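Colleague: Sequence and predicted model, in that order:
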Amino acid sequence: MDSKVFKPSIDWAHALPDSLLWIAMAWTISAVCVVAVVALLRVSTRWGRQFWAITGDYFSGRDSIRVWLMLGVLLLSVITAVRLNVLFSFQGNDMFSSLQTAFQGAAGGDDTVKQSGVHGFWVSIGIFCLMAVLHVARVMLDIYLTQHFMVNWRIWLTERLTGDWLEGRAYYRAHFVKTPLDPSVGEAIEGAIDNPDQRIQQDIDIFTAGNGANPNAPANGTGSTLLFGAVQAMVSVVSFTAILWNLSGTLTVLGFDIPRAMFLIVLVYVTVATVVAFWIGRPLILLSFRNELTNAAFRYALVRVRDAAESVAFYRGELAERIQLRQRFNGIIDNYLKFVNRTIGFNGWNLSVSQAIVPLPWVIQAPRLFSGQIMFGGVQQTAAAFGNIHDGLSFFRNAYDNFAGYRAAIIRLHGLVEADKQARELPELLVMPSPDGTVAIEGVEVRNPDGDPLIEALDLHLDRGDALMIAGPSGSGKTTLLRSLAQLWPYASGTLRRPDAANATMFISQLPYIPLGDLRAVVAYPLSAGEVSDTEIGEALVKVALPNLVDRLDDVEDWAKVLSPGEQQRVAFARLLLTRPKAAFLDESTSALDEGLELMLYRLLRSELPDTILVSVSHRHTVRQHHKHVLELLGQGRWDLSPV
C-alpha cells in the first residue's frame, strides 16, 4: 500500500448538523412506521387485540396526548442512540486507520504521513470523549424517562384493573364464570379465573415493563423493552446497511462473483436462523404461562395454610397439607424442567448461530486488507456494521423467549378483564329503591347452578321496624337467598325493593370481613375512619361488650387473627350501631356467641335502631323471640311465612 496522509472517514465538522437532520428524518419515519405497525397488530393478531382490551384507554383516553408525547420523547432517545452508534463506528474507523497511517509513515520514513496519522488519532480520541459524554447523558436521561413512563402506566393500569375487579362485585361473581380457552395455552386457563391478586400485582408490573417475563427494574431503559428494542434494531439495520454496502467487496464463490456479498450473506443467514428459532421457541408461550400458573397455585396453597393455621393445627393436618403442597410443587418442577429443556435448546441454537458468524466479516475482508484495498479501520468498521445488522435482524429471534413471557402476562391480564366483564354480565336480582324505607320481595325465585329450585315465587313485605327470621334445614337455601338479595348469586330472578341510600341497607355475613389497618378502621368499616369519631367507636365497642378494645384503636394488627370469631361478630354489631342502616340482613351473625350475648345484642339493636328492618338467617330457636315473622324454607322451592 502506498503511503498517504490520513483522511477522516467522515467530515466531523458537519457531523452535528448532519446528525440533527438525520435524527429528525429517522424519528419521523420511525414514528409513522411504529404507529402503522401497532395499528396493524391491534387488528390482525389475537395478542394485539388482547393488549388493546387491557390498556387501550390509556393510549386513547382523555389524557392520552401526554402519553403519546412521552412515547415520542422515548423514540427520540432510541433514534439518538442509533445515531451515536453510527458515529462511534466512524470514530473507530478513524482511530484504527490513523494508527495504521502513523505506523506506515514511521516505517516508510515519511514524517508528514506519520504526523497526519498521529494528529488523526488524537482527534478521534477527542471525538470519542465528546460522544462518550453524550452517550452517558442520553442513557441516564433515557432510564429516567422510561421509568417515569412505566411507573405512570402501572399506576393507571392498576387503578383501572382494581376498579374493574371491584365494580359490580366482579371479584365475587367471577367465581361463577368459566373463562374461554386461549389457543396459545390450550386447556391451561379453562375454568374460573385464578389468583386475581397476582395478576393485578405481578402481571401488571410485567406488562408495563414490557421486557418479557420479568417485572420492572430501576435500571431498565428503552433498550430493555420489546417495542423500543425492535425499533432500535430496525433503525440500526437501515443505518448500518449503507455503511456495510459501501465497505463490502465482491466475493467469488465457485467461480461466481457476488457483489456486496456480506450484506446478502447476513440477510439470508439471519432469516434462516430466525425461522428455525421460532419453530424451536413456539412452545415457550405455553410453558411460560404454566410456570406462572403452577407457581401461583403453590403460593395460594401456602397462604391458605397460613390463614387457616389454627384449624390445621387442631386437625393435626400437617401430613395432609405436606402431601398436597408437595403435589402442587411437583407440578411446578415438572413444568419448569420442560421449560428449562426447551429454553436450553432455544438459547443453544441462538448462541450457536450468533457465534458462528462473528469471524465472517474479518475472514471476507482480510484478503482486501492484505492487498491494500481497504484500511484496517475499514475492516473494523465493516465488522461493527456487520455485527449491528446481524444483531438487529436477529432481534426477533433472540427476543422470542422474552416475548413468550410477555405473551403469558397478556393472556393472564386479558383473562382477568374478560372474567370481570362476564361476571358483571351475569343475571342478578333486580333491586329498586324503596322511598318509604320498607322492604318488599316480589316474585323472587332462587335456583341451584344446575337449575333445581330452592325458592319459588317468594313475595313478602316488611315495614319499618319489622323483623323477619329465615329458618329451614341445611341446604334449603337460607344463605343463598341472602346472597341473591345482595345481588351476589347469579341464579336468581325477581325484584327487591329496599332503602337505597349509602349504607342504608347492610348485609352481615357469618364471619364478618376484617380489613387490614388499625382497629379504628376495622370497627368503622365500611365507613372510613374519619366519618365517625373515636368517642362514637368507643361507645359502640362498650355497648357490644368489647370495652377492652377501646384503648387499642391506634393498634395495627392482623385483627382477623387477633379477634376471636365471637369478638368479630360483636364488631359487626358495633358497625351496625355506627352506620345505623334502615335495613340489615344478618346471616348467622350470632353463631359464635352464647345465648346471653345473643340476647343482649338483639335487644341492643331493637333499642338503638327501633326503625331498622331486621332480617336474620339462623338455625337457633332462641333467635325467634327477637323477630315478628318467620320465613320457613321447606325445600324444593316451597316456603311458609308465619308470625312468631
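Modeller: It's in.
Colleague: any idea where the strands of this structure begin and end?
Modeller: 251-253, 256-258, 430-433, 439-447, 453-462, 467-471, 492-498, 505-508, 583-587, 613-617, 629-635, 638-643 (DSSP state E).
Colleague: Can I get the ones you listed in CSV including distance to Leu369 and mean neighbour count?
Modeller: Backbone N, C-alpha and C define where each C-beta goes, glycine included. Below are these laid out as CSV (distance: least, Cβ to Cβ, whole Å; neighbours: other Cβ atoms under 10 Å):
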stretch, distance to Leu369, mean neighbour count
strand 251-253, 14, 11
strand 256-258, 19, 10
strand 430-433, 84, 13
strand 439-447, 85, 19
strand 453-462, 88, 17
strand 467-471, 94, 22
strand 492-498, 84, 19
strand 505-508, 84, 20
strand 583-587, 86, 24
strand 613-617, 91, 25
strand 629-635, 94, 17
strand 638-643, 97, 12
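Colleague: Where among the ones you listed is average confidence lowest?
Modeller: Ranked by mean pLDDT, those end with strand 251-253 in last place, scoring a mean of 63.
Colleague: Asp391 reaches Ala233, doesn't it?
Modeller: Yes: between Asp391 and Ala233 there is a contact under Cβ atoms under 8 Å: 7.1 Å.
Colleague: the more surrounded of those two?
Modeller: Ala233 (22 against 17; other Cβ atoms under 10 Å).
Colleague: so what pLDDT did that one get?
Modeller: The predicted local confidence for Ala233 is 91.
Colleague: pretty sure it is touching Ile389, no?
Modeller: No: counting by Cβ under 8 Å, Ala233 does not reach Ile389; the two are 9.6 Å apart.
Colleague: Least confident secondary structure element in the chain?
Modeller: Every helix and strand of the chain was ranked by mean pLDDT, DSSP states H and E. The lowest is strand 251-253, at a mean of 63.
Colleague: Okay, the residue nearest to Ser97 when sequence neighbours are not counted and Gln147: tell me how far apart.
Modeller: Once flanking residues are discounted, Ser97 sits nearest to Gly377: 3.1 Å by Cβ to Cβ, 6 or more residues apart in numbering. Look at Gly377 and Gln147: by Cβ to Cβ, to the nearest Å, they are 38 Å apart.
Colleague: So for the two, which residue has more residues nearby?
Modeller: More neighbours surround Gly377 than the other of Gly377 and Gln147, with 25 against 17 (other Cβ under 10 Å).
Colleague: Identify the residues contacting the more buried one.
Modeller: By Cβ atoms under 8 Å, 6 or more residues apart in numbering, the contact list for Gly377 reads 9, 92-98, 100.
Colleague: And for Gly635?
Modeller: 472-473, 475-476.
Colleague: 6 Å instead?
Modeller: Ser476 (Cβ atoms under 6 Å, 6 or more residues apart in numbering).
Colleague: repeat for Val177
Modeller: Val177 touches 419, 422-423, counting by Cβ under 6 Å, 6+ apart.
Colleague: Repeat the analysis, applying 7 Å as the threshold.
Modeller: Each residue near Val177 by Cβ atoms under 7 Å, 6 or more residues apart in numbering is listed here: 192-193, 419, 422-423.
Colleague: do Arg412 as well
Modeller: 199, 203, 292.
Colleague: quick one: it and Asp57, what's the gap?
Modeller: Arg412 is 19 Å from Asp57, by Cβ to Cβ.
Colleague: Out of the strands of the chain, the one nearest Val544 is which?
Modeller: Across the strands of the chain, Val544 has its closest neighbour in strand 505-508 (12.8 Å, Cβ to Cβ).
Colleague: Now do the closest one: distance to the chain's middle.
Modeller: Distance of strand 505-508 from the chain centroid (Cα atoms, centre = their mean, to the nearest Å) equals 33 Å.
Colleague: which residues touch that strand?
Modeller: Residues contacting strand 505-508 (Cβ under 7 Å, 6+ apart): 482, 486, 498-499, 572, 576, 579, 581-587, 589.
Colleague: hmm, try it at 6 Å
Modeller: Contacts for strand 505-508 (Cβ under 6 Å, 6+ apart): 486, 498-499, 572, 581, 583-586, 589.
Colleague: Out of the residues you listed, which is nearest to Leu462?
Modeller: Once Cβ to Cβ is applied, the member of those that ends up nearest Leu462 is Ala583, at 7.9 Å.
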